[in-house]
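Colleague: Let's see this in three dimensions:
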Amino acid sequence: MIKDSLNLQGVFPPLATPFREDGGIAYDLLESNLVRWGSEPLSGYVVGGSNGEFTSLTNVERVSLVRFVSDHVKGARIVIAGSGMPSTQGTIEMGVEMAGAGASALLVITPSYFKSKMDHHALVGYFAAVAEASPLPVLLYNVPANTGIDMPAETILAAARHPRIVGIKDSSGRVDKIGTVVKNAPEGFVVLAGSGGYFLGALAMGAVGTVAALANIAGAALSEILEAFQRGDIGKAQETQLRLIDVNTAVTARYGVPGLKAAMDMMGYYGGPVRPPLMDLETEPREEIRRLLVEAGLS
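Modeller: Below you'll find the predicted structure:
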């Protein structure tokens, strides 16, 4: 059964794409980051997600990054490839390309250009068509802050009936919705929290892991939350969660990818510049992030 064929429990960083100052992808520095991430207690990687600036990459670059990461891990870790495109056919074709590049599963964002028309029936039909043609298991990706579409629980549950749709990365921040989905989803359908800021709350509602920007720099701390929760040490899980909240907000909602990349540079990873239309962080917010990293015990 497809829903039981992929273990999605754990912590997955949505990898930041490293760019050189001339705008090209710095594969050598991605390799350096991967070596360091390899020593972290991570379950796998998401390549080509929002924090990877996928909307600023060419299709060739998106596939190339997945191939590079897949070749590096050699099957030792799960590689989830962001394959969402503006059209159904484009998403299907990208999924086939990602499978050929070595991905283990696909992460498919809600189509949002015609957002006013993306009602329950349109979204369920879209995901069913993509999953039916997909050579790989499919994860739904709900990120209303970027798409303007927040899939309600009933839409997620309807899409989850397809045997190739194995779970969702939900970045809505609604832990009550996570609970509703977990309670009513088909067997084997899993929920991954879309942010490190509410990981513990999501676990309490039945999530099995997280795809969190913060995992680029704090994979061990997020894994600590999961491990403490699993052994019943809720006090320890809460303590770790609380000290991560402010820095998580800084590298997500407040400063986004520029903030994440600045934090990576401060933590000894390579973050580097963002691609336009995003803009690199100025001095004052960088200093705020540096302070928050220290307060969180990360630096």
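
Colleague: so who does the closest residue to T17 other than its chain neighbours touch?
Modeller: Among residues not flanking T17 along the chain, G52 sits closest, at 4.7 Å (CB to CB, 6 or more residues apart in numbering). Where C-beta positions appear, they are placed from N, C-alpha and C, glycine not excepted. Counting by CB atoms under 8 Å, 6 or more residues apart in numbering, G52 makes contact with 14-17, 46, 65, 82.

Colleague: Among those, list the two that are farthest apart in space.
Modeller: Greatest spacing in those, by CB to CB: A16 and G82 (12.9 Å).

Colleague: Those two: which has the busier surroundings?
Modeller: Each of A16 and G82 has its neighbours counted (other CB atoms under 10 Å); G82 has more, 29 against 26.

Colleague: ok, now how distant is that one from G52?
Modeller: 7 Å (CB to CB, to the nearest Å).

Colleague: and for those two, which residues touch both?
Modeller: By CB under 8 Å, 6+ apart, the residues touching both G82 and G52 are V46.

Colleague: Can you report how many residues lie near A101?
Modeller: Neighbour tally, A101, other CB under 10 Å: 20.

Colleague: hang on, it packs against E61?
Modeller: No: at 11.6 Å, A101 does not count as touching E61 under the criterion of CB atoms under 8 Å.

Colleague: shaky segments in this protein?
Modeller: By pLDDT under 70, the low-scoring segments of the chain are 1, 3.

Colleague: What pairs with the strand or helix carrying V79, parallel or antiparallel?
Modeller: Using DSSP states H and E, V79 maps to strand 78-82. Strand 78-82 pairs in its sheet with strand 44-47 (parallel), strand 105-109 (parallel), by DSSP bridges.

Colleague: For that strand, buried residues please.
Modeller: 78-82 (16 or more other CB atoms under 10 Å).

Colleague: Among the residues you listed, pick out the one closest to E21, please.
Modeller: Nearest to E21 out of those is G82 (CB to CB; 24.8 Å).

Colleague: ok, G75 - how many residues close by?
Modeller: Burial of G75 is recorded as 9 neighbouring residues (other CB under 10 Å).

Colleague: Which parts of this protein are helices?
Modeller: Taking DSSP state H to define them, one finds helices in the chain at 27-37, 59-73, 88-100, 120-133, 144-147, 153-159, 175-184, 199-204, 215-230, 234-249, 256-266, 283-295.

Colleague: still on that earlier bit, nearest to V274, out of the strands paired with strand 78-82?
Modeller: Among the strands paired with strand 78-82, strand 44-47 sits nearest to V274 (CB to CB), with 17.0 Å.

Colleague: residues of that closest one that come out buried?
Modeller: For strand 44-47, a neighbour-count test (16+ other CB under 10 Å) marks 44-47 as buried.

Colleague: can you check stretch 257-276 too?
Modeller: 257-266, 269-274.

Colleague: Kindly report the same for stretch 133-149.
Modeller: 134, 136-144, 147, 149.

Colleague: Equivalent analysis for stretch 234-242, please.
Modeller: Buried positions in stretch 234-242, judged by neighbour count with 16+ other CB under 10 Å: 237, 240-241.

Colleague: rewinding a little: out of the helices of the chain, flag the one nearest N7.
Modeller: That would be, of these and by CB to CB, helix 215-230, which comes in at 13.3 Å.

Colleague: follow-up on the earlier one: now do the residue nearest to T17 against G84, distance only.
Modeller: For G52 relative to G84 (CB to CB), the value is 12 Å.

Colleague: Check D71 too.
Modeller: Taken as CB to CB, the span from D71 to G84 is 23 Å.

Colleague: the more surrounded of those two?
Modeller: G84 (24 against 11).

Colleague: surely that one meets E93?
Modeller: No: G84 is beyond contact range of E93, at 11.8 Å (criterion: CB under 8 Å).

Colleague: picking that back up, okay if I get the strands paired with strand 78-82 as CSV plus distance to E288?
Modeller: Converted to CSV, the strands paired with strand 78-82 look like this (distance: least, CB to CB, whole Å):
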stretch, distance to E288
strand 44-47, 26
strand 105-109, 29
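
Colleague: wait, which of those is closest to T283?
Modeller: Using CB to CB, the strands paired with strand 78-82 put strand 44-47 closest to T283, at 30.3 Å.

Colleague: hmm, back to that, contacts for the strand holding V79?
Modeller: 6-8, 12, 43-49, 52, 54, 62, 66, 69-70, 73, 98, 101-107, 109, 139, 141, 211.
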